[in-house]
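A.B. asks: Build me a model from this:
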Amino acid sequence: MSMNLDNQSPLLLVTDLSHKYGSKQVLSINRWALIPHEHQLLLGPSGSGKTTLLGILSGLLRPTKGAVTAINTALTDLSISDLSSFRARNFGFVFQDHHLVSSLTVSQNLTLSRHLADLPEDPEWSDYLLNHLGLREYKNTKPDRLSHGEAQRAAIARAAITRPPLLLADEPTSSLDDDNAILVMELLKTLSEEAGSTMLVASHDSRVKPFFSKSLILDKPQEVSQ
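C.D. replies: Below you'll find the model as predicted:
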């Protein structure tokens, strides 16, 4: 699916959004937009709804109320199968725990992501990512043989392999030491720009702040500011 967007049309647009778990409201956002190439940081303490919001934005979770539009597509208008295909093609994900497929090698994990997005293999881009991330010698290695930092870099490669319009990262540095945290953020920003992706990173890690000029701040349930 191609993007028909100018540089000011939102990649993501949220209007009148709220979400509850039982009787507890964890999110309330009147309006928020993510513009192409305007990377943003999603800030807030644990329990403020950051992971919930990422799930809603990517269609993994349906909000209690409100609308989410991604790349000019209303997510609630898509069937489950269409939404899965849309997400695979248009979103790249980096998690706190890498969530690589343990039975596959690093290279096979990248191939699987392109297959799920219904894209042909791209050996040149795959090799570039692995080389740039310092993983060339680990391309035939399974995740359980990687250090945590290496596995997180492999997760970045997997997120970028489809050149997705949107790259979402959930606490990608929280379990890393200072050197690896800075490295991961530098790589995320560099590769998102080379892939043509716009990045939204959810974090409560103060080391991440210098990489962003704009933030969406979730202070606590029922409160949001931008």
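A.B. asks: any idea how far T15 is from P120?
C.D. replies: From T15 across to P120, the span is 36 Å (C-beta to C-beta, to the nearest Å). Quick note: C-beta positions are derived from backbone N, CA and C, even for glycine.
A.B. asks: So between the two, which is more surrounded?
C.D. replies: T15 (13 against 7; other C-beta atoms under 10 Å).
A.B. asks: Specify the beta-bridge partners of that one.
C.D. replies: With beta bridges defined as DSSP bridges, T15 has these partners: R31, A67.
A.B. asks: do the one 5 residues further on as well
C.D. replies: Beta-bridge pairing of K20, defined through DSSP bridges, involves Q25.
A.B. asks: Quick check: it touching G66?
C.D. replies: No: contact between K20 and G66 fails when scored by C-beta atoms under 8 Å: they sit 11.6 Å apart.
A.B. asks: Can you show me the strands along the chain?
C.D. replies: In the chain, the segments counted as strands under DSSP state E are 12-21, 24-34, 40-43, 65-70, 73-74, 91-94, 166-170, 198-203, 215-220, 223-225.
A.B. asks: tell me which residues of stretch 21-29 are tucked away?
C.D. replies: By 16 or more other C-beta atoms under 10 Å, the buried positions in stretch 21-29 come out as 26-29.
A.B. asks: Output the longest helix belonging to this protein.
C.D. replies: Assignment by DSSP state H gives helix 178-195 as the longest helix of the chain.
A.B. asks: circling back: who has more neighbours, K20 and G66?
C.D. replies: Between K20 and G66, G66 has the larger neighbour count (other C-beta under 10 Å), namely 18 against 14.
A.B. asks: got the contact list for I29?
C.D. replies: I29 makes contact with 14, 17-18, 53, 66, 224 under the criterion C-beta atoms under 8 Å, 6 or more residues apart in numbering.
A.B. asks: For the most centrally placed residue in the chain, give its distance to K142.
C.D. replies: Central residue check for the chain by C-alpha atoms, centre = their mean: the C-alpha nearest the mean position is that of L168, 1.3 Å away. The span separating L168 from K142 equals 25 Å under the rule C-beta to C-beta.
A.B. asks: now do R31
C.D. replies: Computed with C-beta to C-beta, the distance linking R31 and K142 is 44 Å.
A.B. asks: who's more crowded, the two?
C.D. replies: More crowded of R31 and K142, by other C-beta under 10 Å: K142, with 16 against 11.
A.B. asks: Touching, that one and S107? I think so.
C.D. replies: No: judged on C-beta under 8 Å, K142 makes no contact with S107 at a distance of 10.5 Å.
A.B. asks: isn't I56 right next to H19, touching?
C.D. replies: Yes: between I56 and H19 there is a contact under C-beta under 8 Å: 6.5 Å.
A.B. asks: Find the residues that touch each one of the two.
C.D. replies: 27, 63.
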